[in-house]
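A.B. asks: Got a predicted structure plus its sequence, pasted below:
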Protein chains: 2
Amino acid sequence: MAEPVFHPIDLILRKRDGHELSTEEIKEFVQSVVSSGERKAASQNNQPLADDSATAVISDAQIGSFLMAVFQRGLSRRELADLTTAMRFSGETFDASALPTFTVDKHSTGGVGDKSSLLIAPVLAAAGIENNPSISVPMISGRSLGHTGGTLDKLETIPGFDTQLSLARMGEVLRECHAALVGQTPRLVPADRILYAMRDHTGTVESPFLITASIMSKKLAEDLRGLVLDVKVGSGAFMPSYEQSKFLAELMVSTGELAGTRTVALLTSMDEPLGRFSGNWIEVWECVDIMKGMPHPMSADLIELSNALSGWMLYLAGKSASPQAGAELSDQILRNGKAYQAWLKIVRAQSGNASIFENPAAFHKPQATRVLKASRAGYLAGMDCKQVGWAVQRLGAGRTKPGDPVSAHAGIESHLKLGQKIEAGQPLFTLFSEEEALLEEPYRMLEATLSIADAPPQKMPLVREIVRKP
Amino acid sequence: MAEPVFHPIDLILRKRDGHELSTEEIKEFVQSVVSSGERKAASQNNQPLADDSATAVISDAQIGSFLMAVFQRGLSRRELADLTTAMRFSGETFDASALPTFTVDKHSTGGVGDKSSLLIAPVLAAAGIENNPSISVPMISGRSLGHTGGTLDKLETIPGFDTQLSLARMGEVLRECHAALVGQTPRLVPADRILYAMRDHTGTVESPFLITASIMSKKLAEDLRGLVLDVKVGSGAFMPSYEQSKFLAELMVSTGELAGTRTVALLTSMDEPLGRFSGNWIEVWECVDIMKGMPHPMSADLIELSNALSGWMLYLAGKSASPQAGAELSDQILRNGKAYQAWLKIVRAQSGNASIFENPAAFHKPQATRVLKASRAGYLAGMDCKQVGWAVQRLGAGRTKPGDPVSAHAGIESHLKLGQKIEAGQPLFTLFSEEEALLEEPYRMLEATLSIADAPPQKMPLVREIVRKP
């Protein structure tokens, strides 16, 4: 019998009218997206087109129309799992079968000052050296975009640090160090690269289904046994409401579990920048201080969040009897110097110059600095944390569009946490930039978004809720 | 103050989330669609791109996404009128101000054997010669597509007949003949050409809003004072239900009236082919017989429909006191030879060889013929008229894709109407084709779709309902 032929128009019509797509249809869609991307690249390079390819041709207009149909109609859990799987296997994937370890990773939906990955990877690596089982953290991270920071941009402020490892080289670093901190390779999940660019300009970014497929396809391509998701809620979160963040968390957990990866999501507060610093090098500096056993008092919330996430990862890996016991183990590893030893080993394995950590403050050389002081006495009552993230971006720490350079030194130092008592004239934030002229707008943004009240606000716990497979 | 800049993404996001678009936004969208089409054509011809154009660049993916958002969210009557107006004025338009006449036209949503335009244009032209007021019918028609026939394909079977007139030449024919039967010029409503091709492959054809904008932008580009729409209902209609046909009729009437054109829609039955013949030349032949005063008995329904539509057009033009009186006037003109005189004049003005009408039967030379006979006695009870239309198309009278050639001689002759009594073995349809091999599949399709019952079916009136401005 002849194979049924895939026509992109049929897929569009069925999703448009609210019908459920088959596993095979979704797979064909993803394959045609990738091959249309390859055709476009070949055409731009004046290479001959493979028009006789067995894969159906899908046009940009059809991809745009399909994405909007998915935006409006949604996906069933099964369709979402199928889309994620098809995207995951659209290019090369990491194969962890040669590593005799429990592979585990974390992912955050993006925050301000959230450098927890820089603590969690060394903690898990230190805990993972011991067997029964040993642990590997094949952490493939992203760059800063919009109001949120990116792990790669922070790491690349370490002189020599190479994030662009092949998957084979990542495997070697994992074998040696039990954690690797790398960027996406060009051939990993190519479907997501194409679809993400399409979503960005077709108005289909905010679909929780498409967000889930994008995040989970990349994480599952790491061949994970366990995954802990940090889904932010509050004024600095990507999703606009608690309910929407929770729905996204449920979709991601369902998708991970359907792919055979034990998946847990923590809904965590993002109402103010995490820790002391928000930027690039200054975030590395903050983590080095913590791992050296000299945490700044402003880092307390960052340490709490990192231990909560590491705790769940250690629990999933069988290293602790409960997530709480895992968090306690994580805290010990962070304070007893073992995390710092693991960190130095990872940095050196990825060609970084670890001598910079001897005096990290000396490497922080912003050309321009300004201090925002309290206009009155009272309590730090609130802020739009997304606005704070945009201020950090405009100081030079983030980018306006993909590919823009970022500054190592730009960012902010937070001097107070929500609910703390303030005297008039007390410093609230110190702003850093490479240029005096870049300070003014972020200063005004921070000034406008901070509120000081006569009474302390009700403060939310850092970890709001745990989402697990029902 | 600087002009606000138009970003296609904003339009998409607003329609995606169900907000109403402004007149200016819709206009900018249509302009950017047209200029993106021009850019693409320039690029294919290796001409330099006008990247510094003032019009916003919109990508195919964005057009596809926007069309699907409109499909899912719909348009308000105001948005629809704005979209139609922006499309109408996206290229050249006919300017009727120099004609001291009432311009009026009709449009059908497409049927099988529906050649009423070939009767209505001469009837109105004959009635329109007299002043107070005189009438012009600037009839810009389309080609066969899918299961429906096209007026241009029928006209072009007349040797020499030129449908590709410039708008200036159309004005001259109108001045001389009071009707012109032409095809769309390449520069008329270019936005529709681009959007129609996009809709076709992005799964957004069936939106009543996008159908209305497509039809009405082209009709209103004729600069009409009056417009009568023939919206088909029944098994041969484009829309799948009576309610959806009526909704489409209401949208088109509202859009015409908002543009200042008096607009009426007739919902008419399309449960069996109209008249005697369905094809191309054979339909011209049927009309010539009628206008010569020798109508075939099978043409009765065609004549009734044509008079109903002409009646409304004459009424709108002030030529009759009521639509009913208009239909009676139309019937007189059809029978007294005045329509035939007007027809000959139009054909000659458009370079057609009218001597062919002396013996139209002689020009019908199909290479292959087959007769479908009744398998049993009873009453002709029903058929899927869309299937009959597809059978006509597959005999060679229609096309599979735009640009395909059509046969002058292919088609069918109907020997009975729904509800008529049949003897076993009595001919039901005669099939005509250019090739013996093309007969088999249409023969089986017709055989399968016809049903014969012991009792006559309930027959619907030809004109089911009138939709006017409330």
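C.D. replies: Cool, the structure landed.
A.B. asks: Tell me where the stretch 351-470 of chain A has helices.
C.D. replies: With DSSP state H, counting those that start in this stretch as the criterion, the stretch 351-470 of chain A has helices at A:385-392, A:440-449.
A.B. asks: Could you do the stretch 51-200 of chain A as well?
C.D. replies: For the stretch 51-200 of chain A, the helices defined by DSSP H, counting those that start in this stretch cover A:60-73, A:77-88, A:116-128, A:151-155, A:167-177, A:190-202.
A.B. asks: quick one: is the longest one near chain B?
C.D. replies: Yes - using CB under 8 Å from any CB of the partner chain, helix A:60-73 reaches chain B at A:60-69, A:71-73. For every residue, glycine as well, the C-beta is placed using N, CA and C.
A.B. asks: Give me the ChimeraX select line for those residues, limited to the buried ones.
C.D. replies: Filtering those down to the buried ones (16 or more other CB atoms under 10 Å in any protein chain shown) takes a single ChimeraX command:
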select /A:60,61,62,63,64,65,66,67,68,69,71,72,73
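A.B. asks: Closest one to residue A:382 out of the residues of helix A:60-73 next to chain B, please.
C.D. replies: Closest approach to residue A:382 among the residues of helix A:60-73 next to chain B (CB to CB): residue A:71, at 31.9 Å.
A.B. asks: Test my guess that the closest one contacts residue A:208.
C.D. replies: No - if you go by CB atoms under 8 Å, residue A:71 and residue A:208 don't touch, sitting 9.9 Å apart.
A.B. asks: show me what contacts the nearest residue to residue A:35 once chain neighbours are set aside?
C.D. replies: Nearest residue to residue A:35 in three dimensions, chain neighbours excluded: residue A:55, at 4.3 Å (CB to CB, 6 or more residues apart in numbering or on different chains). Contacts for residue A:55 were tallied using CB atoms under 8 Å, 6 or more residues apart in numbering or on different chains; they are A:28, A:31-32, A:35.
A.B. asks: switch to 7 Å and redo it
C.D. replies: Contact analysis of residue A:55 by CB atoms under 7 Å, 6 or more residues apart in numbering or on different chains lists A:31-32, A:35.
A.B. asks: ditto for residue A:208
C.D. replies: Residues near residue A:208 by CB under 7 Å, 6+ apart: A:244, A:247-248, A:251.
A.B. asks: Apply 8 Å and report the result again.
C.D. replies: Neighbouring residues of residue A:208 by CB under 8 Å, 6+ apart: A:239, A:244, A:247-248, A:251.
A.B. asks: Now do the same contact list for the residue most central in space within chain A.
C.D. replies: Central residue of chain A (CA atoms, centre = their mean): residue A:108, 4.2 Å from the mean position. Each residue near residue A:108 by CB under 8 Å, 6+ apart is listed here: A:114, A:116-117, A:229-232.
A.B. asks: Okay, and which of these map to strands?
C.D. replies: Among the contacts of residue A:108, the members falling in strands are A:229-232 (criterion: DSSP state E).
A.B. asks: Redo the residues you listed as CSV? Include distance to residue A:459 and neighbour count.
C.D. replies: Converted to CSV, those look like this (distance: CB to CB, whole Å; neighbours: other CB atoms under 10 Å in any protein chain shown):
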residue, distance to residue A:459, neighbour count
A:229, 23, 26
A:230, 19, 26
A:231, 19, 27
A:232, 16, 27
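A.B. asks: between those, which is closest to residue B:19?
C.D. replies: Distances from residue B:19 to the ones in strands among the contacts of residue A:108, taken by CB to CB, are shortest for residue A:232, at 27.0 Å.
A.B. asks: was I right about that closest one contacting residue A:113?
C.D. replies: No - if you go by CB under 8 Å, residue A:232 and residue A:113 don't touch, sitting 11.7 Å apart.
A.B. asks: so where's chain A shaky on pLDDT?
C.D. replies: Chain A contains residues with pLDDT under 70 at A:1-4, A:48-54.
A.B. asks: let's go with 50 and repeat that
C.D. replies: By pLDDT under 50, the weakly predicted segments of chain A are A:1, A:52.
A.B. asks: tell me which parts of chain A are close to chain B?
C.D. replies: Residues of chain A lying close to chain B by CB under 8 Å from any CB are A:9, A:12-13, A:16, A:59-69, A:71-73, A:198, A:201-204.
A.B. asks: One more pass at 6 Å, please.
C.D. replies: Within chain A, the positions near chain B by CB under 6 Å from any CB of the partner chain are A:9, A:12-13, A:16, A:60-65, A:68-69, A:72, A:198, A:202-203.
A.B. asks: Closest one of these to residue B:403?
C.D. replies: Nearest to residue B:403 out of these is residue A:9 (CB to CB; 18.9 Å).
A.B. asks: Could you check the angle the helix ranked longest in chain A makes with helix A:60-73?
C.D. replies: In chain A, with assignment by DSSP state H, the single longest helix is helix A:23-44. Angle, helix A:23-44 to helix A:60-73, by axes from the mean of the first three to the mean of the last three CA atoms, to 10 degrees: 140 degrees.
A.B. asks: Please identify the buried residues of helix A:23-44?
C.D. replies: Per 16+ other CB under 10 Å, helix A:23-44 contains these buried residues: A:25-39.
A.B. asks: Now, the contacts of residue A:208 that are in helices?
C.D. replies: The members of the contacts of residue A:208 that map onto helices under DSSP H are A:244, A:247-248, A:251.
A.B. asks: Now render these as TSV, adding distance to residue A:168 and neighbour count.
C.D. replies: Shown next, in TSV, are the ones in helices among the contacts of residue A:208 (distance: CB to CB, whole Å; neighbours: other CB under 10 Å):
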residue	distance to residue A:168	neighbour count
A:244	39	15
A:247	38	17
A:248	33	26
A:251	32	25
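A.B. asks: any idea which of the helices of the stretch 51-200 of chain A is most buried?
C.D. replies: Comparing the helices of the stretch 51-200 of chain A by mean neighbour count (mean count of other CB atoms under 10 Å in any protein chain shown), helix A:116-128 comes out on top with a mean of 27.
A.B. asks: tell me what it is packed against?
C.D. replies: strand A:134-141, strand A:179-183, helix A:300-316, helix A:323-335, helix A:338-349 (3 or more CB pairs under 6 Å, 6 or more residues apart in numbering or on different chains; DSSP states H and E).
A.B. asks: TSV please, covering those and showing mean neighbour count.
C.D. replies: Converted to TSV, the helices and strands packed on helix A:116-128 look like this (neighbours: other CB atoms under 10 Å in any protein chain shown):
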stretch	mean neighbour count
strand A:134-141	26
strand A:179-183	26
helix A:300-316	25
helix A:323-335	20
helix A:338-349	21
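A.B. asks: Distance from the chain centre to stretch A:134-149, please.
C.D. replies: A distance of 5 Å separates the centroid of the chain from that of stretch A:134-149, by CA atoms, centre = their mean, to the nearest Å.
A.B. asks: for stretch A:404-421, same thing?
C.D. replies: 18 Å.
A.B. asks: what sits up against that stretch?
C.D. replies: Stretch A:404-421 has contacts (CB atoms under 6 Å, 6 or more residues apart in numbering or on different chains) with A:153, A:157, A:272-273, A:277-282, A:365-366, A:379-380, A:392, A:395-397, A:399, A:427-434, A:456-457, A:459.
A.B. asks: Would you show me how to pick out the buried ones of those residues in ChimeraX?
C.D. replies: Burial among the contacts of stretch A:404-421 is assessed by 16+ other CB under 10 Å; the matching ChimeraX selection reads:
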select /A:153,157,272,273,277,278,279,280,281,282,366,379,380,392,395,396,397,399,428,429,430,431,432,433,434
